[in-house]
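Undergrad: model the following, please.
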Amino acid sequence: MKYKVAVAQMDSGEDTEENQLKMERYMKKAAGNGADLIIFPEHAEYLGMDYDNHASPVPGEITDFYASCAERYGLYVHCGTLTEKREGGKPYNTSILFSPEGKMVSCYRKLHMFDVEITDGPGYMESEEVSPGNDIVVCDTEFGRIGLAVCYDLRFPELFRIMAKQGAGLMVLSANFTENTGKAHWEALLRARAIENTCYVAAAGQCGKRGAFASHGHSMVIDPWGRVIARAGTEEEILYAVVDTERIKEVRNQIPSLANVREDVYRRYYSLSPD
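TA: Numbers count the residues shown, from 1 in each chain. Have a look, this model is predicted:
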């Protein structure tokens, strides 16, 4: 089976209405070009500094927008991420997949928080702004199973291996990588996740300058052999690529790494510290 994926690279800002108008234009264009699924970047509908006050309930007005567009244009819509209101706590950074019927297929809350303290340098504690999720999510679609991840999750191969073992043939990543880390690690990590798990990886990133840093852009789609089959630059654009489920089977027959995993051994060591 083959299906067509659209990846939207955006330069989102603080104006949600403007962002949504841009997203709907991308959805209409993707549908017109025969796409079955469109993927947006992290914080596609709002990229600002006031996530707590901007957070919205799920389901709610923001999810209604995606659901109605998915139904209107007849394609699967991956919202990138939205800031999900959480009663009694900090919000979640949440990815949701909507079906062509306008139904919410799956909801994933970013697992890994980017918490870093650098001696004599800038630090950032993502966990001070948002709450981490606690579930790994693989979605069922008519095209097969799709795994969901967000930005910093890319650095944790265990997450992707588990999704692959649960049958995911396509991993979807929404991100806002900085130019500094992106130019060093973005493509290398994306290709590694595809090669390790003999799967497709579709990554939608933010682009543009945002005060203290620039977003890396370079959204891409990678096949199970690790080949980049679609690539963006540093400006807003939409990419297209075909996911071929038979190609996944072919590569997994050639490189049976998923079948050769030694979970029985790994389990004995995983919780050990370097000490």
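Undergrad: spatially central residue in this structure, please.
TA: residue 173 (2.1 Å; C-alpha atoms, centre = their mean).
Undergrad: buried stuff in the helix or strand containing residue 249?
TA: According to DSSP states H and E, residue 249 maps onto helix 245-254. Residues 247, 248, 251, 252 are the ones in helix 245-254 that count as buried (16 or more other C-beta atoms under 10 Å). Quick note: C-beta positions are derived from backbone N, CA and C, even for glycine.
Undergrad: tell me if I'm right that residue 144 and residue 245 touch.
TA: Yes - in this structure residue 144 lies within contact range of residue 245 using C-beta atoms under 8 Å: 5.6 Å.
Undergrad: re the thing from before, in space, what's closest to the residue nearest to the centre of the chain - neighbours in sequence excluded?
TA: residue 203 (4.3 Å; C-beta to C-beta, 6 or more residues apart in numbering).
Undergrad: isn't the one you found up against residue 216?
TA: No - if you go by C-beta under 8 Å, residue 203 and residue 216 don't touch, sitting 10.4 Å apart.
Undergrad: that older thread, my read is the residue nearest to residue 173 is in a helix, agree?
TA: No - checked against DSSP: H, G, I helix; E, B strand; the rest coil, residue 203 lies outside a helix; its state is strand.
Undergrad: check contacts around it.
TA: 7, 154, 172, 173, 174, 175, 186, 190, 219, 220, 221, 222 (C-beta atoms under 8 Å, 6 or more residues apart in numbering).
Undergrad: mind checking pLDDT for residue 119?
TA: On pLDDT, residue 119 comes in at 58.
Undergrad: same question, the one 10 residues further on
TA: Per-residue confidence at residue 129 stands at 88 (pLDDT).
Undergrad: how close does the residue nearest to residue 214 when sequence neighbours are not counted get to residue 106?
TA: Nearest non-adjacent residue to residue 214, counting by C-beta to C-beta, 6+ apart: residue 179, 4.2 Å away. For residue 179, the distance to residue 106 equals 31 Å [C-beta to C-beta, to the nearest Å].
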